[in-house]
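Enquirer: Sequence below, structure please.
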Amino acid sequence: MADELVVMMPSAEEMIEKLGEAGVYGKEEVQDKFLKSFVEKVAGSEKVGPGLVMAWMLSEYDVLRDYPPVIAGLLRYDFDSVIDAVTPDARVAEKAKAFLKEALEETKKR
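Expert: Modelled structure (predicted):
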């Protein structure tokens, strides 16, 4: 992990604004609740790509555990857009997207 790229994430307010500009915030109540949870987990903190994925998955559990599993799957369609919108360093965003893809592929094997 010593060679991981680290990024300081923006404030919660800035992240919500960027998500709105990206067209992923303000559409559906459950999506907004989920995104607020994700933002609360990462705003104003240092993160690496896999850390962003971990925060996303924890938000899935926290917010969506009482919903059918397909809802989490549908929200994952926006993962790349969300990460691109809120992550100041594109290299960290790419690491996060690659890590999620790899993790999902590994879980399919089991």
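
Enquirer: what about residue 72, how many neighbours?
Expert: Residues near residue 72, counting by other CB atoms under 10 Å, number 18. Where C-beta positions appear, they are placed from N, C-alpha and C, glycine not excepted.

Enquirer: Isn't it up against residue 66?
Expert: No. The pair residue 72 and residue 66 does not pass the contact test of CB atoms under 8 Å, sitting 11.3 Å apart.

Enquirer: Show me where this structure has its strands.
Expert: Applying DSSP state E to the chain gives strands spanning 7-8, 46-47.

Enquirer: Of all the ones you listed, which one is nearest residue 89?
Expert: strand 7-8 (4.3 Å; CB to CB).

Enquirer: what sits up against that closest one?
Expert: Residues outside strand 7-8 that contact it (CB atoms under 8 Å, 6 or more residues apart in numbering): 44-48, 87-89, 92.

Enquirer: Of the residues you listed, which is the nearest to residue 5?
Expert: Nearest to residue 5 out of the contacts of strand 7-8 is residue 92 (CB to CB; 5.1 Å).

Enquirer: ok, now which ones touch that closest one?
Expert: 5-7, 47-49, 52.

Enquirer: This completes my enquiry, with thanks.
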